[in-house]
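**Q** Output the structure for:
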Amino acid sequence: MIIPLPDTTTRQILSTLLDAQEHYTLTTGRVLTLIVSAAEEDNVDAILSAVRDASHEHPSRVLMVISGDTEAPTGLDAELRVGGEAGASEMVVMRLHGALADEAEAVVTPLLLPDTPIVAWWPARTPESPADDPIGSIAQRRITDTSRLHASRDEVRTALSTLRTGYTPGDSDMVWAGLTLWRGIVASALDRQPFEPIESVDVSGPATSAAPDIAAGWLADRLGVAVRRTIDDDDNPEWFPVRRIKFHRRNNPVTVEVHDAHTVRVAMPGSPEWFVAMSRRSVAEVLSEELRHLEADTPYAKALRALTRVNYC
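**A** Prediction:
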């Protein structure tokens, strides 16, 4: 159910929320407040769909703030989504106009759930320092999403530099959660005999994707060897973005590479090839994983720091 609240106030929104809880929402307790920061040009429906799907694992109060034209007359338009429109959550979509467009923190503060964690998500932009952003400053966990970038190589490198230099404990990026299954496959591939020291690593992927870079940073941190990031010209969006990784060893190099849109191939001389099912995960799946961990993500922080040790070709 969608309840429109044009030209409203936070007091009216809160009153409508309380009324909806009595008549329309599920009895499941809310485990956190998720603040989604967006702009008018963003695909709001796709963002809300991902949040709704993720809510079945993480029932939340979702506060989506959409910053509009700062030159327009000042006002607040909202809609409350409950029931089937919101999954297991309750959603408040707020469009801020005029002077309110830069006051998202003041608008959401009266609507926060008491005594629950606050998570901020920027699905379409990356603040220079998420912890210093007005919304990020009130959140314990701050999620950006550089996986959305399909831009030039320089723009991707700039975004990664922003993540690294602006990092504060509690920050995360959906690229990192998107690598979770792949990291498990890589660890399993190296856990097979014969065991040999790794001398260097090559990581290949599209120039427009940040995932191979963060994967390379993770390996540089964990292995302490030279890691080279190379470019794969095939930019098929259906394939996993880390196209190929090769662990150079004296006698038995190990290769982990994308076989097709749903399979990864692992090869080592003298051993049968093996194939592992793995596809690109949806935004909802990655968001669900991010919301499972509200503490500081130390491995992610170390992967960002190690980006300075990655060699680019």
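**Q** pLDDT score assigned to P127?
**A** P127 is assigned 89 on the pLDDT scale.
**Q** which stretches of the stretch 1-150 of the chain form strands?
**A** Per DSSP state E, counting those that start in this stretch, the stretch 1-150 of the chain carries strands over the ranges 2-5, 32-39, 60-67, 75-81, 90-97, 118-121, 141-144.
**Q** Same list as before, the ones you listed that is, but in CSV and with distance to T298 included.
**A** To be clear about C-beta, it is placed using only N, CA and C from the backbone, and glycine gets the same treatment. Formatted as CSV, the strands of the stretch 1-150 of the chain follow (distance: least, C-beta to C-beta, whole Å):
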stretch, distance to T298
strand 2-5, 41
strand 32-39, 21
strand 60-67, 25
strand 75-81, 36
strand 90-97, 32
strand 118-121, 18
strand 141-144, 14
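**Q** can you redo those as JSON lines with mean pLDDT, mean neighbour count and distance to R280?
**A** Output for the strands of the stretch 1-150 of the chain, formatted as JSON lines (pLDDT from 0 to 100; neighbours: other C-beta atoms under 10 Å; distance: least, C-beta to C-beta, whole Å):
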{"stretch": "strand 2-5", "mean pLDDT": "92", "mean neighbour count": "14", "distance to R280": "30"}
{"stretch": "strand 32-39", "mean pLDDT": "93", "mean neighbour count": "23", "distance to R280": "22"}
{"stretch": "strand 60-67", "mean pLDDT": "93", "mean neighbour count": "24", "distance to R280": "24"}
{"stretch": "strand 75-81", "mean pLDDT": "93", "mean neighbour count": "21", "distance to R280": "27"}
{"stretch": "strand 90-97", "mean pLDDT": "93", "mean neighbour count": "23", "distance to R280": "26"}
{"stretch": "strand 118-121", "mean pLDDT": "96", "mean neighbour count": "25", "distance to R280": "19"}
{"stretch": "strand 141-144", "mean pLDDT": "95", "mean neighbour count": "25", "distance to R280": "18"}
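**Q** Nearest to P127, out of these?
**A** Checking these against P127 by C-beta to C-beta gives strand 141-144 as the closest, at 7.4 Å.
**Q** Any idea how far the closest one is from the middle of the chain?
**A** 7 Å (C-alpha atoms, centre = their mean, to the nearest Å).
**Q** Next: stretch 112-122.
**A** The answer for stretch 112-122 is 16 Å, by C-alpha atoms, centre = their mean.
**Q** Now do it: distance from first to last residue.
**A** 17 Å (C-alpha to C-alpha, to the nearest Å).
**Q** now the helices for the stretch 151-300 of the chain?
**A** Across the stretch 151-300 of the chain, reading from the start of the chain, the helices by DSSP state H, counting those that start in this stretch fall at 153-165, 174-178, 180-189, 211-223, 283-292, 298-305.
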